[in-house]
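**Q** let me see the structure of the following:
(chains A and B)
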Amino acid sequence: MSPSDAVLRDLHVPTPVIDVPDDYLHVEQSLSSWFFSTDHKRIGILYLFAITVFFVMGSIAAGLIRLSLIVPNGEIFTNDVYNRLFTLHGVIMVWFFLVPSIPNTLGNFLLPLMIGAKDVAFPRLNLLSWYIFVLGALFTVIVMIWGGVDTGWTFYTPLSTEYSNSYVILAVLGVIIVGFSSIVTGMNFMVTVHKLRAPGMTWFRMPLFVWSLYATSMILVLATPVLTIVLILLFADRAFGLSVFDPAHGGDPVMFQHLFWFYSHPVVYVMVLPGMGVMSELVTAFSYKRIFGYKFIAFSSLAIAAIGFFVWGHHMFYNGMSEYASLTFSLMSFIVAVPSAIKVYNWAATIHKGEIRLDTPMLYAMGWIGLFVIGGVTGLMLASTALDGHVHDTYFVVAHFHYIMVGATVVAFLGGIHFWWPKITGRLYSEPWGRVSALLMFLGFNMTFFPQYVLGYMGMPRRYHVYPPAYQVLNVLSSAGSTVLAAAYIFPMIYLVWSLWYGEKAGNNPWKAKGLEWTTTSPPPKHNFHHQPIVDFEPYDYPNVTPEA
Amino acid sequence: MIQHFLPHYPPQLWPPAASAMANEIDIIFVAWCVVLFFLVAPVFGFMAYCAVRYRAGRDVDRSHREARNLPVEMSWMIIPFLISLVFFFWAGDVFLQEQNPPPDAMVITALGRQWMWKFQHPGGQWEINDLHVPAGRPIRINIESQDVVHSLYIPALRLQEDAVPGRTTHLWFKADRVGAYRLFCSELCGADHSLMAGTLYVMAPADYAAWLKHAGNSPSLATEGRHLFVAYGCSGCHGPSSTVHAPDLDGLYDRPVPLQDGSIVVADDAYIRDKILMPKKQIPAGYKPVMPGFAGKISEADLAQLIAYIKSLGEGGEREP
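**A** Modelled structure (predicted):
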C-alpha cells in the first residue's frame, strides 16, 4: 500500500477545494444546456441574443430608408422596394424587437431575482415562449426578405387583403405565431408575481420595475388575442375571400382599423411601461435616495395599462368616424397622459437632494426623460383633434412615435442593460465608452428625429418615397443624424462584448444599489440565492448617508 | 418626378396657409408649443440644477428629504391636466367646425384610386390630380375611393380626410388666399403612393369661371390616357425605368412589328387594342408572353384613352415619367 492510497482512505483529510464557479453562466457549459435551459436567466440571455439580431436587421432597413430619402426623386430604390423596406423595418422593430425587448430580456432575468424567487412560475413555458418567438419571427423575416410585404406594418385593408401583390398571408401567419409568445410570457409573469414572492415581499415592497412588468403583462394577455383575431380574419379574407373587410361584399375596412388599433395602441404601452420601470430603478440607484411617491408611480403603471385600452380611436379622427367618438377618444388620450406626467414629476423630485452620480446608466436615464417628455407632449398635440387633421399621417407622427419607441424604449433598454450588466455577466464595461455612447445616443437621436417634426408640420406625408424638393434639406439632416445614431448603437455592442472577457470583475453590487437582485452574487447562482431571502425592509431602502466610495 | 406635377417652391420652414381655419390651427399649434414649453422647461431645468447641485461628494444641505407629499403630488397631477383641457376644447371646437360644412357649400367630388385623384366639378368638368377652386367660397369635397384607403391631404388648409372604399367621407374649406398649394395622398395605398399628388389652385372667382369654361372642353384623350397608363400598371413594365423585358412603346404606332411566327403586322389601332385585351394572341419576336390580358378588366372609355396615349408616344406626346 502506497502512502497516497492511505490518504485517499483517510476520511479525516479534507478534500482539496477546486475553485469551480457555481453561477448560472458556468454551472453547465454544453450548447444544449443553453438551448434547453429552463433557467429564467439563461432564457433572458437567449432573448437578448435573438432580439439583438432582429434589431440589427431592422436597423439596416432603417438605414436604407434614410439613404433613399437623401434624394427627393426616389432614384435609389424603386417604389416597390421602398415600401418593402419600411414594412420590414416596422414589422421587425415593433414585434420582434420593441415588444419583447425589455420584458423578455431584463424582465425575464430580473423578475424572479427582484421578488426573491428561484425562477418564474412556469419555467418550461418560458422556454417554449422563446422557441415560438424565434421560429415565428425568423419565418416572418425570411418571408419578408425573400418575397417582401408592401402594406406597412399596419396591414390596412383592403390594400393588404385584395390589392397588395406581396407575401401578406405568410407574414401575417408569422406575426400571429409570435403573438402566442407574448401571451405565454405575460401570463407567466403575472402568475410569478402573484405566487412566488419571497416571505415579506408584500405588493408595496416590490420594486417599481416589477409593477411595470405586471401592468405590461396585463396588456399582453388582454390585447394580443385581439391582434390574433384580426390577423386571422385578414388571413381568411385574403386566402379564402371571406370578405369581412371587403366593402364590395358588405364588409368594412374601417372595422379592421378599429380592431387593429385596439391591440396596437395598448401595445405602445407594452413598449414604454417596462422602460418606465427601468427608469424608476436607475433614478433611485444613482440618486442614492428613496423614490418619491412610490404608490403614485406604482398605480400610474396600472392606470396607463387600463386607460390605454380606451384611446385607440385617436388613430382614426379623419376616416369618417363619428365626430363625437373622435372627441371622446381625444379626451381619453388627454387623460392617459396624466399618469405618465406623474412619473416624470416624481423622478424629478427623487433627484432632488440626492447623491447624484452621472454614471452611464444615469446618463441614459436623464436622456430618456428628455426624449420621453418631448415624445409625450407631441402626443398631446396629436390628440388635439383639429391639429391632428394637419399632422396625422405625416412625419410629425413618425417623429412622435420614434421619440416614444426609440427615445423611450431603446434608451431605457440600453440604460437597463448597462445598469444590470455587472449582475448579468459579473463584469464591468468601460465607463468612458459607456458615457460617450449615452451622449452620442442623445445627440444622434435628436439629429435624426427632430427635423422630422418640422417636416411633418410642413406637410410631408409619411411613407413617401418621392417627395417635393422643398423637403430635401431636412431629410438630409435627418439621414446624417442616423449615422451618429448608428455609432451609438455599435459602440455598446463592441465594448459590452469586449467586457465579457476583459472587463474588470464587478463584485456583487458595484452601484451600491438596493433591491434583492443586488444581494446575491454576480453572476447569480443557478437558483438565484444561496439562502431564501426574507424581506423585512421597504423598497429603495437607501440610508440617509453618503455611500462609501 | 413629382416636380412634373408641381410648381417650384423655395425651401421653407413654415407651410403656407390658404384659409382662416388653417391660421387658427397654426395658432393652436403655437400656443400649445408655448404652454408645453412652460410646463416642461421647469422640470428639465430643475433636474439639471439637481444633477449639478447634488452631485455625489458635494457637501450641500440634504436635510428634510421627502419620500411623499400628497398635496404636491395631487397638484402636479391635476393642474397640468386642467391646463391641457383648454386645448382639448379649443381644438375640438375647430374640429366640429371642419366636420360640419355649411349647407350652401359648393360640392366637388373626389375619387381616389391607385394612384390618382379625380376631381369632378358641379358642372361636370373633371380633372386629374389637380383641383381648381374659387377663393372665398365654402367648398365641400365628397371623397370616395375606388379601391384601397387613400387620404386627401392639403397641408395649406391643415386638413385631410380618408377616402374609404364603400363609404363617402367629406371635408370642407373656404380658401381665402389665391395661389397654388400641394395636395397629397397621405394614407399608404400601394407602390406609387408618393406619386399620388397634385396641386390645389385657389383662383379668383372670375378666373375660376373662366377656367370652368375652358375645362368644359375636356382635355384630350391622350392626356387622360397618360394617367391610365400608370393606373393600370402598364408603366411598371413598359415604362422607361422598368427592369422587365417588355417592348418599348415609343413610336410604335403605324410601324411594322415582326412577330414570333415570322410574319409582320402593322401596329394600327386594332393591333394596339388587341394587344391590351389579348396580349398572347400575336407575340412580337424576342419577347415572352408574360403580359396579363385586360379583356373584361378595362372599360371602353378607358381603353380609348389608353390607345390614344400609346399612339401619341414618340410623336411629341408627353411621356409619363
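
**Q** can you name the residue of the stretch 51-200 of chain A nearest chain B?
**A** When scored by C-beta to the nearest C-beta, the stretch 51-200 of chain A has residue A:159 as its residue closest to chain B, at 4.2 Å. For glycine as for every other residue, the C-beta is placed from the backbone atoms N, C-alpha and C.

**Q** that residue touches residue B:145, doesn't it?
**A** No: using C-beta atoms under 8 Å, residue A:159 makes no contact with residue B:145, being 10.7 Å away.

**Q** so which bits of the helix ranked longest in chain A are buried?
**A** With secondary structure taken from DSSP state H, chain A has its longest helix at helix A:208-240. The neighbour-count check on helix A:208-240 (16 or more other C-beta atoms under 10 Å in any protein chain shown) flags A:208-224, A:226-228, A:230-231, A:233-238 as buried.

**Q** now do stretch A:25-41
**A** Residues A:25, A:27, A:34, A:37, A:39-41 are the ones in stretch A:25-41 that count as buried (16+ other C-beta under 10 Å).

**Q** a markdown table for those residues, including secondary structure and pLDDT?
**A** A markdown table is the format used below for those (DSSP: H, G, I helix; E, B strand; the rest coil; pLDDT from 0 to 100):
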| residue | secondary structure | pLDDT |
| --- | --- | --- |
| A:25 | coil | 89 |
| A:27 | coil | 85 |
| A:34 | helix | 92 |
| A:37 | coil | 93 |
| A:39 | coil | 94 |
| A:40 | helix | 96 |
| A:41 | helix | 95 |
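
**Q** check the residues you listed one by one and keep those near chain B.
**A** Among the buried residues of stretch A:25-41, none lies close to chain B by the criterion of C-beta under 8 Å from any C-beta of the partner chain.

**Q** okay if I get the residues you listed as TSV plus distance to residue B:48?
**A** Listed next are these as TSV, based on distance: C-beta to C-beta, whole Å:
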residue	distance to residue B:48
A:25	39
A:27	45
A:34	44
A:37	44
A:39	42
A:40	38
A:41	37
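
**Q** out of these, who's nearest residue B:286?
**A** Closest approach between these and residue B:286, by C-beta to C-beta: residue A:34, at 57.5 Å.

**Q** my guess is that closest one contacts residue A:46. True?
**A** Yes: look at residue A:34 against residue A:46 with C-beta under 8 Å: they come within range, at 6.9 Å.

**Q** what sits against the closest residue in space to residue A:317 that isn't next to it in sequence?
**A** Residue nearest to residue A:317 in three dimensions, not counting chain neighbours: residue A:326, with 4.6 Å by C-beta to C-beta, 6 or more residues apart in numbering or on different chains. Contact analysis of residue A:326 by C-beta atoms under 8 Å, 6 or more residues apart in numbering or on different chains lists A:313, A:316-317, A:385, B:95.

**Q** can you rerun that using 7 Å?
**A** Residue A:326 makes contact with A:313, A:317, A:385, B:95 under the criterion C-beta atoms under 7 Å, 6 or more residues apart in numbering or on different chains.

**Q** okay, those residues in JSON lines with distance to residue B:183, neighbour count and pLDDT next?
**A** Formatted as JSON lines, the contacts of residue A:326 follow (distance: C-beta to C-beta, whole Å; neighbours: other C-beta atoms under 10 Å in any protein chain shown; pLDDT from 0 to 100):
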{"residue": "A:313", "distance to residue B:183": "26", "neighbour count": "23", "pLDDT": "94"}
{"residue": "A:317", "distance to residue B:183": "19", "neighbour count": "28", "pLDDT": "94"}
{"residue": "A:385", "distance to residue B:183": "21", "neighbour count": "29", "pLDDT": "95"}
{"residue": "B:95", "distance to residue B:183": "21", "neighbour count": "23", "pLDDT": "95"}
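
**Q** what about the residue lying closest to residue B:50 once chain neighbours are set aside, how many neighbours?
**A** Once flanking residues are discounted, residue B:50 sits nearest to residue A:351: 4.3 Å by C-beta to C-beta, 6+ apart. When neighbours are counted by other C-beta atoms under 10 Å in any protein chain shown, residue A:351 registers 26.
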